[in-house]
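Novice: what's the 3D shape of this:
(one chain, ligands or ions: 4)
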Amino acid sequence: MSFHTRFAFRFSTVIIVILAATSAPSVFHRLASISRQVLPSTVKHPSQSSTMSSSYPKELEVALLAVQRASILTKQVFHAKSKGTLTKSDASPVTIGDYGAQALIISALKHNFPSDEIVAEEESTDLQQDAALKDLVWNLVKETKLDDPSAETTLGGSITDAESMLNIIDQGNSKGGGKGRIWTIDPIDGTKGFLRGGQYAVCVALIVDGDVKVGVLGCPNLPVDDSAPLEGGIGENQSDAEGKGALASAVKGEGSQSRPLGTGKLQTPRKISVQSISTPSEAAFCESVEANHSSHGDNAKIAKKLDITKPSVRMDSQAKYFSVARGAGDIYLRLPVRGGNYIEKIWDHAAGDLITRESGGTVTDIRGKSLDFSQGPLLTGNTGVVAAGSAIHAQVLKVVQEVLSVE
Ligand SMILES: Nc1ncnc2c1ncn2[C@@H]1O[C@H](COP(=O)(O)O)[C@@H](O)[C@H]1OP(=O)(O)O
Ligand SMILES: [Mg+2]
Ligand SMILES: [Mg+2]
Ligand SMILES: [Mg+2]
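Specialist: Numbers count the residues shown, from 1 in each chain. Ligands and ions are numbered 1, 2, ... in the order given. Next comes the predicted model:
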């Protein structure tokens, strides 16, 4: 790094510390006031909520609270002018929000389920080499708390210092696979969306013997209202203003739910389901903003063949799965980019896949195979994703296969 770059970076990190210190109380105050205005009904305590009837009650409760707490942290970074962004070796961005959210989620999971394994997106190597950035993440992590002390007690696992925080970030280094209990975490899915002020998601899922059993998605910039229309454009300038912030969850075989994201006690959940359309021509498409993540051209050809007239809505992250699951969108296609060789990661799909299926959707790859989470961190057995309501999935898949010439 040149002297000038280093100076600029140090200067910007100092600014972030100042911004974080001065803006945190107002952000918390605003969040509290949003939850009072928009979220009238709260459950008494998470353990008394509808999570009680679940076959994974503790796992669901901890995952929901962990995502909620991590989202408080990401929202602070979302509002900061500078987000402490680094570029990883695969040229993708990572921010202090990604590191901080991962540390908080892993500490809660390890505290509650010490023998479970974790496959998480980030690792601490770059932070170890940058003391200023590390301190920035540590300041966020140690300050971020749910505003319900009993929920904080449930999560437990408080982190003692910056060095332990690095160690905790690296406890997400399991190789995954098809045996045992494995959590997968994407602390910020859609980091590019996060940076451009669009959609992003905090994602946690529990995979048991290769099968996703629990999935939670925190989407701070999606509307609370499940019936709100999909927001158009390319997902820019979406924010967590009043009425935004939704938390989706599902347990295998038990359906899926949505609730306001909130900042403390879990709010009362509502059941969600895909929209009951029986012909794809009525469907609304969601697709990636990034053209190198999914082929926009092939999507357009498929939409045309299906006689879809509504313009496709572009948004980043697993917010697309959540949108299809609650009937705001109908079809999410993630099609291999021609000439590309990207293999999807489990943390980018596990929670969204389960939430969509538990909402009455079907999720396959372009060959019609279910997503296979038993192969390690990568979805090596799958190519692309086709997610849609079960009533239209077969028709959509057929056209996907025609357009992509899938044998
Ligand atoms: N070349 C790529 N092709 C497909 N997905 C990618 C690629 N590079 C990064 N991703 C991941 O795609 C997801 C974003 O997808 P979308 O474009 O649908 O929002 C993110 O999980 C992002 O990781 P990350 O978690 O680092 O943001
Ligand atoms: Mg990333
Ligand atoms: Mg991701
Ligand atoms: Mg990520």
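
Novice: domains in the protein, by residue range?
Specialist: Following automatic domain parsing, the chain resolves into domains at 39-271, 280-404.

Novice: reformat those domains as CSV; add distance to ligand 4, mean neighbour count and mean pLDDT.
Specialist: In this view, the C-beta of every residue, glycine as well, is placed from N, C-alpha and C. As requested, those are arranged in CSV below (distance: least, C-beta to the ion, whole Å; neighbours: other C-beta atoms under 10 Å; pLDDT from 0 to 100):
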stretch, distance to ligand 4, mean neighbour count, mean pLDDT
domain 39-271, 4, 21, 91
domain 280-404, 7, 21, 96
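
Novice: can you redo the ones you listed as CSV with distance to ligand 1?
Specialist: Shown next, in CSV, are these (distance: least, C-beta to the nearest ligand atom, whole Å):
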stretch, distance to ligand 1
domain 39-271, 4
domain 280-404, 3
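
Novice: switch these over to TSV; also include distance to ligand 2.
Specialist: Formatted as TSV, the entries for the domains of the chain read as follows, by distance: least, C-beta to the ion, whole Å:
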stretch	distance to ligand 2
domain 39-271	5
domain 280-404	9
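
Novice: so whichever strand in the chain runs longest, near ligand 3 or not?
Specialist: With residue count as the measure and DSSP state E as the assignment, the chain has strand 211-223 as its longest strand. No. Under the criterion of C-beta under 5 Å from the ion, ligand 3 is not reached by strand 211-223; the shortest gap measures 11.4 Å.

Novice: for Ser249, see how far away Ser276 is.
Specialist: Ser276 sits 22 Å away from Ser249, going by C-beta to C-beta, to the nearest Å.

Novice: picking that back up, which helices and strands sit right next to the longest strand of the chain?
Specialist: Contacts defined by 3 or more C-beta pairs under 8 Å, 6 or more residues apart in numbering; DSSP states H and E place strand 211-223 against helix 57-79, strand 201-208, strand 244-251, helix 319-325, helix 350-357.

Novice: in its sheet, what does that strand sit against?
Specialist: strand 201-208 (antiparallel), strand 244-251 (antiparallel) (DSSP bridges).

Novice: quick one, the first one and helix 57-79 angle?
Specialist: Put plainly, it is strand 201-208. Between the axis of strand 201-208 and that of helix 57-79 there is an angle of 160 degrees, by axes from the mean of the first three to the mean of the last three C-alpha atoms, to 10 degrees.

Novice: convert the C-alpha atoms of strand 201-208 to CSV, please.
Specialist: Provided in CSV are the C-alpha atoms of strand 201-208 (Å, rounded to 0.1, in the frame of the first residue of the first chain):
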residue,chain,number,x,y,z
ALA,A,201,-29.6,-10.6,3.7
VAL,A,202,-28.1,-12.1,6.9
CYS,A,203,-28.4,-15.8,6.4
VAL,A,204,-28.2,-18.8,8.8
ALA,A,205,-29.2,-22.4,8.2
LEU,A,206,-28.8,-25.7,10.0
ILE,A,207,-28.1,-28.7,7.9
VAL,A,208,-28.4,-32.2,9.5
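
Novice: next one: the host helix or strand of Lys304 to chain centre, how far?
Specialist: Assigned by DSSP states H and E, Lys304 belongs to helix 296-305. Relative to its chain's centre, helix 296-305 lies at 26 Å (C-alpha atoms, centre = their mean, to the nearest Å).
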